[in-house]
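Visitor: What would the 3D arrangement of this be:
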Amino acid sequence: MGHLYTIEERLGQLKELKGSLQALIVYLQRHQQLSGLVCNYEQLLSETELLIIEGFDQQQLSDFSRRVPDVFARHKDWIPPLERGQGGKYAKAYWFSELETYLQPVLTAAETLRVLGIR
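Guide: The predicted structure is shown next:
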């Protein structure tokens with residue numbers, strides 16, 4: 001049997017998204033090469049706060065969550081950015097792994113808002 005999320009559970013999910021967005025924004029602000037992304041995520045943070053304060057329905061949550069962007073245009077053949085390390089071998093770029101630490105919680109929290117009543 002499926003589970004329908006309560007308003008309180010959805011509020012908790014929005015608060016989780018809010019916290020993840022705040023952490024991502026701080027991270028992006030500390031890295032000049034990524035600072036151009038801050039404005040977009042700050043706008044999403046403001047919208048998150050409005051949803052928490054003013055209320056929402058499932059359609060609003062679904063529409064909102066679809067607007068939360070990934071920094072990368074990931075697709076079937078996408079590979080993460082690589083850097084040449086010692087010995088000439090390529091490996092996932094350190095900065096990418098660090099960014100993912102902050103980005104993935106945002107993307108996961110946003111995706112949860114689209115899930116219709118199933119845990």
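Visitor: quick one: contacts of the longest helix anywhere in the chain?
Guide: When the chain is parsed with DSSP state H, its longest helix is helix 7-30. Residues outside helix 7-30 that contact it (Cβ atoms under 8 Å, 6 or more residues apart in numbering): 5, 34-35, 37-38, 41-42, 44-45, 48-49, 51-52, 56, 61, 68, 98-99, 102-103, 105-106, 109-110, 112-113. From N, CA and C alone the C-beta is placed, and that goes for glycine too.
Visitor: can you tell me the helix or strand for E83?
Guide: Applying DSSP states H and E as the criterion places E83 in strand 82-84.
Visitor: Show me what the helix or strand hosting F64 is packed up against.
Guide: Per DSSP H and E, F64 falls inside helix 58-66. Helix 58-66 is packed against helix 38-54, helix 94-114, with contacts defined by 3 or more Cβ pairs under 8 Å, 6 or more residues apart in numbering; DSSP states H and E.
Visitor: so of those, which one's packed in deepest?
Guide: Per-stretch averages of neighbours, counted by mean count of other Cβ atoms under 10 Å, single out helix 94-114 among the helices and strands packed on helix 58-66, with a mean of 17.
Visitor: For that helix, name the packing helices and strands.
Guide: Using 3+ Cβ pairs under 8 Å, 6+ apart: helix 94-114 touches helix 7-30, helix 58-66.
Visitor: Which residue lies nearest the spatial centre of this protein?
Guide: V106 (2.2 Å; Cα atoms, centre = their mean).
Visitor: where's that one relative to G85, distance?
Guide: V106 sits 28 Å away from G85, going by Cβ to Cβ, to the nearest Å.
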